[in-house]
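> Prediction below, plus the sequence it came from.
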Amino acid sequence: SDQVILLKQEKVPCLASPSASLALDPQDPFRLQTKPHGHGDVHLLLHSSGTLKKWKAQGRKWVCFFQDTNALVFRAFPAALGVSASSGFQVNSLAVPRRPQEAIGAIALLTHAKSGASMTLNVEYNQLDPLLRESFNEDGDVEDEETGFSPFPGNINQLVLELD
């Protein structure tokens, strides 16, 4: 009974357009359409439910998130966990080579033009090319001449997090 934990994910309003207008229920124009929060909510849910605190008290040191239907990731998780531990990474994300314009989010290092602050994060595939054209390369998401792949690897939503 302590090996299976069920947590209820709340719903959030749906967006109807890129300008973030809210989607109305077609049956009731005074009601918003809602959907499950998605991948990003699981981290907050694990924290707010006390699950992470419980796991840490049990002596667990790492959490591996298997977030999409990709059974092959179980072959990669042991290596990712080993690299994370030996390199002192608190967070690690598995990625795969991706072709330019491929419909998969991309891992990218973004740097703020004014402050110089930077972060590595997922950029959704439909936002990557316009972002690159505006700020990095006027040709957008293009292949590396040596590999044929985009220089921005594909995000497969597999995370390794240290509980410390």
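Here it is on my side, so go on. Residues are numbered from 1 along each chain as shown.

> which residues touch the longest helix belonging to the chain?
Using DSSP state H to assign secondary structure, the helix with the most residues in the chain is helix 73-87. With C-beta atoms under 8 Å, 6 or more residues apart in numbering as the test, helix 73-87 has contacts from 62, 64, 66, 89, 92, 94, 156, 158, 160, 162. Backbone N, C-alpha and C define where each C-beta goes, glycine included.

> Could you work out the most separated pair of these?
156 and 162 (19.7 Å; C-beta to C-beta).

> Neighbour count: these two, which is higher?
residue 156 (20 against 15; other C-beta atoms under 10 Å).

> doesn't residue 95 make contact with the more buried one?
Yes - at 6.4 Å, residue 156 and residue 95 qualify as touching, with contact defined as C-beta atoms under 8 Å.

> what's the single longest strand in this structure?
As assigned by DSSP state E, the longest strand anywhere in the chain is strand 154-162.

> ok and it relative to helix 73-87, angle-wise?
Following axes from the mean of the first three to the mean of the last three C-alpha atoms, to 10 degrees, one obtains 50 degrees for the angle between strand 154-162 and helix 73-87.

> For strand 154-162, give the mean pLDDT please.
Averaging pLDDT along strand 154-162 yields 91.

> Show residues contacting stretch 19-34.
11-16.

> ok, back up a step: pull the CA atoms of the longest helix of the chain into PDB?
What follows is helix 73-87 as a C-alpha-only set of coordinates in PDB (Å, rounded to 0.1, in the frame of the first residue of the first chain):
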ATOM      1  CA  VAL A  73      13.800   5.300 -21.200                       C
ATOM      2  CA  PHE A  74      14.200   2.700 -18.600                       C
ATOM      3  CA  ARG A  75      17.400   1.600 -20.300                       C
ATOM      4  CA  ALA A  76      18.700   5.200 -20.100                       C
ATOM      5  CA  PHE A  77      17.600   6.100 -16.500                       C
ATOM      6  CA  PRO A  78      20.400   4.200 -14.700                       C
ATOM      7  CA  ALA A  79      23.100   6.000 -16.800                       C
ATOM      8  CA  ALA A  80      21.400   9.400 -16.300                       C
ATOM      9  CA  LEU A  81      21.200   8.800 -12.600                       C
ATOM     10  CA  GLY A  82      24.800   7.800 -12.400                       C
ATOM     11  CA  VAL A  83      25.900  10.900 -14.400                       C
ATOM     12  CA  SER A  84      23.700  13.100 -12.200                       C
ATOM     13  CA  ALA A  85      25.200  11.700  -9.000                       C
ATOM     14  CA  SER A  86      28.800  11.700 -10.100                       C
ATOM     15  CA  SER A  87      28.600  15.200 -11.600                       C
END
